[in-house]
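No sequence on hand, only this structure:
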Ligand code: GDP
């Protein structure tokens, strides 16, 4: 990729998009396009086309999406399906029509069937029913993959797709109703410690297994793929390490310095029992995650405390 040509990072205010902007800027990409949300709504097809007509991005990163944790996904399927289809369709179509030389579409590990063989290989896609709690989001992301692959096959456009596992890191969403488990537990444990509470409530049984990837690792993988990969096959991006939700909660208690207990709310949904990506395609290409979970949680907690104290956290 040419470092002097314009690159659009759609979703630059989000967790993934923000990290990708930092990564590309640090690597010397000098023209990163970051339209303000108020100035350009990616759900508006005509507005997106006008923007592409003027700016002519040479590369596009589709990191803009409506995202959320298990409860938000379960409660708002219309928005997760409709808004994500609109955002990605408009960006992918405009990238093709206005001459982008490369596009990277970010999917998610929840595209794979609920009972996919673990660790999940890219070939598991569409091999069985999805996890119901995030089916709407997953269906939208699968449609995005298929659209990129269709442009690749039919028109020879190098539109590639990366499937990140559960992400966390600075800039995450700490709103308890909408967030994923890691920021939610960091906040709950921090608040329990501050309030001198004896316990912290954890949704579900604590038994589900999840893999976590620091968002700076994701951003590094995205740059690696933009610079080195040009294939139709989707590529998993993960750490290759998994922990149970109980282990995650215990680790967070250690990092925060909370000595109280955990209380499991088995009335809340567990979601899919296990979600671990097979990352051998990506490691075979030469990329590996490098931020250990404990270190990444400590850095995220430091960021949260600074943002929380300064009142700049998202919630
Ligand atoms: P998922 O990976 O799509 O299931 O999304 P989440 O990150 O929201 O949830 C992962 C697991 O953590 C699920 O089993 C949740 O029930 C569990 N969990 C435990 N406590 C919490 C919490 O406070 N917030 C969230 N979002 N999940 C929690």
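Great, that's in hand. Because the structure is a prediction, the values reported are computed rather than measured.

contacts, neighbours, all on C-alpha from now
OK.

Now the lowest-mean-pLDDT helix or strand in the chain: buried residues?
Within the chain, no helix or strand scores below helix 70-75, which has a mean of 88 by mean pLDDT, DSSP states H and E. Neighbour-count burial for helix 70-75, counted by 16 or more other CA atoms under 10 Å, picks out 70, 71, 72, 73, 74.

Tabulate those (TSV), appending distance to the ligand.
Formatted as TSV, these follow (distance: CA to the nearest ligand atom, whole Å):
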residue	distance to the ligand
70	4
71	6
72	8
73	8
74	10
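
re the thing from before, quick one: the next helix or strand after the least confident helix or strand of the chain near the ligand?
Of the helices and strands lying after helix 70-75 in sequence (DSSP states H and E), the nearest is helix 77-97. No. Counting by CA under 6 Å from any ligand atom, the ligand has no neighbours in helix 77-97; the shortest distance is 12.8 Å.

ok so, going back, ok, residues contacting the least confident helix or strand of the chain?
Helix 70-75 has contacts (CA atoms under 8 Å, 6 or more residues apart in numbering) with 67, 80, 132-134, 136-137, 177-180, 269, 271.

Can you pull the residues of the stretch 101-250 of the chain lying near the ligand?
Selection of the stretch 101-250 of the chain residues close to the ligand by CA under 6 Å from any ligand atom yields 179, 180, 181, 184, 185, 202, 203, 204, 208, 245.

which two in these are spaced the farthest apart?
Greatest spatial distance among those (CA to CA): 179 and 208, at 17.0 Å.

who touches residue 66 in this structure?
79, 80, 83, 84.

show me where pLDDT drops low in the protein?
Low-confidence segments of the chain (pLDDT under 70): 310-315.

switch the cut-off to 90
Applying pLDDT under 90 to the chain flags the ranges 1, 37, 68-74, 177-178, 271-272, 308-315.

Tell me which stretches of it form helices.
With DSSP state H as the criterion, the chain has helices at 15-26, 45-55, 70-75, 77-97, 135-155, 181-195, 215-228, 245-256, 280-285, 293-310.

which residues sit in contact with the residue lying closest to residue 190 once chain neighbours are set aside?
Leaving aside its chain neighbours, residue 190 sits nearest to residue 256 (6.4 Å; criterion: CA to CA, 6 or more residues apart in numbering). With contact set as CA under 8 Å, 6+ apart, residue 256 has these partners: 186, 189, 190, 301.

Quick check, the second one in contact with residue 258.
What that stands for is residue 189. Yes. Counting by CA atoms under 8 Å, residue 189 does reach residue 258; the two are 6.8 Å apart.

Settle it for me: which of the two has more neighbours?
Neighbour comparison, residue 189 and residue 258: the larger count goes to residue 189, with 29 against 21 (by other CA atoms under 10 Å).

Roughly how far does the more buried one sit from residue 170?
Using CA to CA, to the nearest Å, residue 189 is found at 17 Å from residue 170.

now, among the contacts of residue 66, which is nearest to residue 233?
Among those, residue 84 lies closest to residue 233 (CA to CA), at 21.2 Å.

give the contact list for the closest residue in space to the closest one that isn't next to it in sequence.
Spatial nearest neighbour of residue 84, chain neighbours left out: residue 65 (5.6 Å); criterion: CA to CA, 6+ apart. For residue 65, the contacting residues are 11, 83, 84, 87, 88, by CA under 8 Å, 6+ apart.

Just flag the most distant two among those residues.
Farthest pair in the contacts of residue 65 (CA to CA) is 11 and 83. Separation: 13.3 Å.
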